[in-house]
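> I'd like to go over a predicted model; first the sequence, then the structure.
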Amino acid sequence: MATNSKRTSPQVASTAGKTLGGSSSSALQKSLAGSALRQSGTTAQTGANTESKASKALDNPRSSPLTKTLAGTVVAQSNKKR
């Protein structure tokens, strides 16, 4: 498996933490935020399921800027062979 050495930036990690604690955050946003936080400071990579969700969110013109930020981070940290 090809390794992806990218990590969640401190700014996105902070946003992800606020998203997880926010009562108005959607289930998708919380899922993406959890994945982004899990990959902060580790070599963990995005799983196929989460990668698929994130990709669909990026393609959806109705996705909020927050969702797209989290989704972009998650996709950037996916397995390079997928």
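All right, it came through fine.
> once you drop chain neighbours, what's closest to Val74?
Of all residues beyond its chain neighbours, the one nearest Val74 is Ala54 (4.2 Å), with distances taken as Cβ to Cβ, 6 or more residues apart in numbering. C-beta coordinates here come from the backbone N, C-alpha and C atoms, glycine included.
> in a helix, that's where that neighbour is, yeah?
Yes: the assignment for Ala54 by DSSP: H, G, I helix; E, B strand; the rest coil puts it in a helix.
> you'd agree it is up against Leu32?
Yes: contact criterion Cβ atoms under 8 Å: Ala54 and Leu32 qualify, at 6.0 Å.
> residues that sit against both of these two, list them.
Residues touching both Ala54 and Leu32 by Cβ atoms under 8 Å, 6 or more residues apart in numbering: 70-71, 74.
> filter those residues down to the buried ones.
Neighbour counting by 16 or more other Cβ atoms under 10 Å classes 70-71, 74 among the shared contacts of Ala54 and Leu32 as buried.
> of all those, which comes closest to Gln39?
Val74 (7.7 Å; Cβ to Cβ).
> SS state for that closest one?
helix.
> look up how far Thr69 lies from Ser9.
For Ser9, the distance to Thr69 equals 10 Å [Cβ to Cβ, to the nearest Å].
> quick one: residues contacting the residue most central in space within the chain.
Per Cα atoms, centre = their mean, the C-alpha nearest to the average position across the chain is that of Val74, at 3.1 Å. For Val74, the contacting residues are 32, 35-36, 39, 46, 50-51, 54, by Cβ under 8 Å, 6+ apart.
> okay if I get those residues as JSON lines plus distance to Pro61 and secondary structure?
As requested, these are exported to JSON lines (distance: Cβ to Cβ, whole Å; DSSP: H, G, I helix; E, B strand; the rest coil):
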{"residue": "Leu32", "distance to Pro61": "17", "secondary structure": "helix"}
{"residue": "Ser35", "distance to Pro61": "22", "secondary structure": "helix"}
{"residue": "Ala36", "distance to Pro61": "22", "secondary structure": "helix"}
{"residue": "Gln39", "distance to Pro61": "26", "secondary structure": "coil"}
{"residue": "Thr46", "distance to Pro61": "22", "secondary structure": "strand"}
{"residue": "Thr50", "distance to Pro61": "21", "secondary structure": "helix"}
{"residue": "Glu51", "distance to Pro61": "20", "secondary structure": "helix"}
{"residue": "Ala54", "distance to Pro61": "15", "secondary structure": "helix"}
